[in-house]
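In: Give the three-dimensional model of this entry:
(2 chains)
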There are 2 protein chains.
Amino acid sequence: MDFDILEYQKRLEKTKRSMEAKGIEVLLITDPANMNYLSGYDAWSFYVHQMLIVIIDEPQPIWIGRYMDAPGAKAKTWMYDENTMAYPDYYVQSMEYHPMEFIAEILEQIGQGNRSIGVEKEQYYFTAKAFDVLKEKLPNATFKDATSLVNWVRIIKSPQEIEYIRRAARIAEQAMTAGLNSIHTGSRECDAAASIFFELVRGTEEHGGDYPSIVPMLPTGENTSTPHLTWSDQYFKEDHSVIVELAGCYKRYHCPLARTAHIGQPSEKLERLAEIVAEGIDEVMSIVKPGVVLEELEEAWRKATRRYGIEKESRLGYSMGLNYPPDWGEHTASIRKGDHTILQPDMTFHFIPGIWLDHYGLEMSESFRVTNTGVEMFTNYPRELLIQSPFKMPDGSDGIIS
Amino acid sequence: MDFDILEYQKRLEKTKRSMEAKGIEVLLITDPANMNYLSGYDAWSFYVHQMLIVIIDEPQPIWIGRYMDAPGAKAKTWMYDENTMAYPDYYVQSMEYHPMEFIAEILEQIGQGNRSIGVEKEQYYFTAKAFDVLKEKLPNATFKDATSLVNWVRIIKSPQEIEYIRRAARIAEQAMTAGLNSIHTGSRECDAAASIFFELVRGTEEHGGDYPSIVPMLPTGENTSTPHLTWSDQYFKEDHSVIVELAGCYKRYHCPLARTAHIGQPSEKLERLAEIVAEGIDEVMSIVKPGVVLEELEEAWRKATRRYGIEKESRLGYSMGLNYPPDWGEHTASIRKGDHTILQPDMTFHFIPGIWLDHYGLEMSESFRVTNTGVEMFTNYPRELLIQSPFKMPDGSDGIIS
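Out: Numbering: from 1, shown residues only, chains lettered A, B, ... in the order given. Take a look at the predicted model:
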């Protein structure tokens, strides 16, 4: 198991306290990150319905999933084997049967069908249909929205979790360097993405990498004005910028990192923008400490960059850590106006003040932890526009000329 | 664009015919594969709410998504730019606002709020909450379940789509070989996964790879008895089996491929199992042609393997092609008992009769197309148990000894 059994039990205790406060007796967890957090279960099986059930007056959660995934659940979770239940394969992606029918029946059988049941209504893997089936099959239950209940429990990290993010940070740095080394006119976007993926998954010699919950993004040229297009098989061109956004991942814990590279001599405009963003990051990081409210970070950013005419509509970052595709963000606190979350020690964030203008853009980001007195930066990577030689260096090793 | 505009319009026409047959006037498409299929939109932005709206009496669909993703939509879709609409960033992962409020308002404004509206109720990225918000904000609409409506339109592939799957097949073969070459006792599971990822993403010299919708799986040792655990950073061990399941991907079109390798001398039992599975695959492939019913393939498999005492509870395969994480299957036809889909030319399937026993397992799979008279296998890879030398070859090139 990836954590001591006591850590899982502590997480469960905290979850139950939050359930109690919200009047929830039975919590149906379908977010794979939350399932992992409370049980240890880790598999690429979230493309079929699965669930972890936390009952307020039962000592162990129950895992329910597809028949062929049950041995994995027995192997990876801390609970007794009899707390693993499985539905037959004819429920899978069927037009006739729905796994929630099976799950509702189990809930009735174990006497939970008439209780106050929390569901994660705003969660990728809990479909509209799944909720409809549960409501129909459990007419005596009272349903409550428990979206992000466990996510908020997750927001303060344990020493072991922080250690995992630090390992992910080493992987992120090494993948960023591999990516930059592949960005020159003799190489295609997919070649650079391949080099990044290789390093992300191989990891370091001590700690193998896990798959990141978002693939490396590398918008190039005019596409730097939009952040989420993935790579193509076009060759890199001189005078193009490339934004590299990636995350190292260790045992599902992420450390995101973004930088912008320019192939050849960048415009003064772009260099200046990079300086402004770096200065803004410095300003914001200098005020991070327990007690600060998240929107104060946004305010500090605004103050630092407004004088240069920079305005940013989108949020500046988010709480991050454990997650599964399609997102490494934790879906709790965001660094933006109106977010009144108070910083506490061992919260972890990705600060990503991406600037997307009409025909170009720039991203530079930092992942950080709130310490008892200030901030710990997870990665140590030059906080500047990275200027690439258009051509591969003669020794093949490095295209970075600045 | 990845396809000719006429192909997109043909797809739209077929979709509208299906809407008409089901009494749906407005179709809200949230499945990223379906959005791509009808509009060309391709980005890793499906972790926030987005939608393609098809109105039965309007010539072009409408794309609605997050503000920062709108330039990408304008760049990648065939529709007029004014058919791209965007919601402000404060809707993103907020506890107060929901993007479906914005979308409902648009639907009202353009006079669609009181029509018969189809939604993809059983789809990863259409949450229970999203449906609740739509129902609340559009009280005069009649909602219908349109799950898999577009998926069924997708089931017959065009010549261009088939060509993309063939390109993905070349990538799958090369990634499989790279993976097998990394499976020996001097290497970790993550090292093999890294080599596979590198080849998948780099692709061939002519055609760069895209990210597969499922990461490479390589359950090892006892874990071969469960299919969906991902890699660890443990070293491979002599006498262990390793199942490698991966898919090459080109412009979001997949070609899955699975093989089982054994490090060192396999047991007779395992070798025999591989022979039985290979024989079963042969039998099933020999009857594939238009007019055959899917469950007849399952029956042929059962007949071929029952005499050896093999029984398989789970489905044997599924329609595949275009998709996004977390699944490369198309969620339409399955190769199993009770599926009465009739094979037609240019349907494409992944046939994967995985055998998971108590302490070991075996996977060997083939992706195929139904031709006018029979079957086209997409990949050409030895259909046998692949025996690996426990040690890296002196020239470092190849661990395959059989």
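In: for residue A:274, what are its contacts?
Out: A:260, A:362, A:364, A:384-385 (C-beta atoms under 8 Å, 6 or more residues apart in numbering or on different chains). Placement of C-beta: from N, CA and C, glycine included.
In: how near is it to residue A:199?
Out: Distance of residue A:274 to residue A:199, computed by C-beta to C-beta, to the nearest Å: 24 Å.
In: same question, residue A:248
Out: 9 Å.
In: Look at the two and report which has more neighbours.
Out: The residue with more neighbours, out of residue A:248 and residue A:199, is residue A:248; 32 against 25, by other C-beta atoms under 10 Å in any protein chain shown.
In: So which residues of the stretch 151-300 of chain A form helices?
Out: A:159-181, A:189-202, A:268-286, A:294-306 (DSSP state H, counting those that start in this stretch).
In: Residues touching the last one, excluding its own?
Out: For helix A:294-306, the external contacting residues (C-beta under 8 Å, 6+ apart) are A:276-277, A:279-280, A:283-284, A:287-288, A:311-312, A:315-317, A:333-343, A:351, A:353.
In: correct me, but residue A:291 touches residue A:347?
Out: No: contact between residue A:291 and residue A:347 fails when scored by C-beta atoms under 8 Å: they sit 11.8 Å apart.
In: Of the two, give the one with the bigger neighbour count.
Out: Legend: neighbour count by other C-beta under 10 Å for residue A:291 and residue A:347, higher for residue A:347 (23 against 9).
In: Next, the contact list for the more buried one, please.
Out: A:155-157, A:319, A:333, A:369-370.
In: Those, buried ones only, as a PyMOL selection?
Out: In PyMOL, a selection of the buried entries from those looks like this (16 or more other C-beta atoms under 10 Å in any protein chain shown):
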select buried, chain A and resi 155+157+319+333+369+370
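In: Of the contacts of residue A:347, which belong to strands?
Out: Among those, DSSP state E puts A:319, A:333, A:369-370 in strands.
In: And the residues you listed, which two are furthest apart?
Out: A:333 and A:369 (13.7 Å; C-beta to C-beta).
In: Who are the contact partners of the residue nearest to residue A:271 when sequence neighbours are not counted?
Out: Once flanking residues are discounted, residue A:271 sits nearest to residue A:385: 5.8 Å by C-beta to C-beta, 6 or more residues apart in numbering or on different chains. With contact set as C-beta under 8 Å, 6+ apart, residue A:385 has these partners: A:260-262, A:266, A:270-271, A:274, A:362.
In: And the contacts of helix A:294-306, which of them are buried?
Out: Buried, going by 16+ other C-beta under 10 Å: A:276-277, A:280, A:284, A:288, A:312, A:315-317, A:333-336, A:339, A:341, A:343, A:351, A:353, out of the contacts of helix A:294-306.
In: Give the rounded mean pLDDT of stretch A:228-239.
Out: Averaged across stretch A:228-239, the pLDDT comes to 94.
In: And the contacts of it?
Out: By C-beta under 8 Å, 6+ apart, stretch A:228-239 touches A:183-190, A:192-193, A:215-221, A:223, A:242, A:262-265, A:390, B:42-45, B:68-69, B:72, B:75-76, B:201, B:203, B:207-211.
In: Give me the subset of the residues you listed lying in strands.
Out: Using DSSP E, those in strands are A:242, A:262-263.
In: of all those, which comes closest to residue B:30?
Out: residue A:242 (30.5 Å).
In: thinking again about what came up before, got the ones in strands among the contacts of residue A:347 as JSON lines, with distance to residue A:303 columns?
Out: Listed next are these as JSON lines, based on distance: C-beta to C-beta, whole Å:
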{"residue": "A:319", "distance to residue A:303": "23"}
{"residue": "A:333", "distance to residue A:303": "21"}
{"residue": "A:369", "distance to residue A:303": "24"}
{"residue": "A:370", "distance to residue A:303": "21"}
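In: Can you tell me who the residue lying closest to residue A:217 once chain neighbours are set aside pairs with across the strands?
Out: Residue nearest to residue A:217 in three dimensions, not counting chain neighbours: residue A:245, with 4.3 Å by C-beta to C-beta, 6+ apart. Residue A:245 has these beta-bridge partners by DSSP bridges: residue A:217, residue A:258.
In: residue contacts, residue A:279?
Out: By C-beta under 8 Å, 6+ apart, residue A:279 lies in contact with A:304-305.
In: measure it to chain B for me?
Out: In this view, residue A:279 and chain B are 23 Å apart by C-beta to the nearest C-beta, to the nearest Å.
In: before we move on, what about residue A:108?
Out: From residue A:108 across to chain B, the span is 20 Å (C-beta to the nearest C-beta).
In: same check, this time on residue A:124
Out: 5 Å.
In: same check, this time on residue A:164
Out: Taking C-beta to the nearest C-beta, one finds residue A:164 at 12 Å from chain B.
In: again with residue A:385
Out: 21 Å.
In: Also residue A:256?
Out: Applying C-beta to the nearest C-beta, the value for residue A:256 to chain B is 13 Å.
In: Show the contacting residues for that residue.
Out: Residue A:256 touches A:172, A:245-247, A:320, A:328, A:350, A:352, A:365, A:367, counting by C-beta under 8 Å, 6+ apart.
In: looking at those, which has the most residues close by?
Out: residue A:172 (30 neighbours).
In: Next up, the contacts around residue A:328.
Out: A:212-214, A:247, A:249, A:254, A:256, A:320, A:350.
In: Serialize these to CSV and add fields for pLDDT and distance to residue A:83.
Out: Shown next, in CSV, are these (pLDDT from 0 to 100; distance: C-beta to C-beta, whole Å):
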residue, pLDDT, distance to residue A:83
A:212, 98, 30
A:213, 98, 27
A:214, 98, 32
A:247, 98, 32
A:249, 98, 28
A:254, 98, 28
A:256, 98, 34
A:320, 98, 30
A:350, 98, 34
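In: Between the residues you listed, which sits nearest chain B?
Out: Comparing the contacts of residue A:328 against chain B with C-beta to the nearest C-beta places residue A:214 closest, at 5.9 Å.
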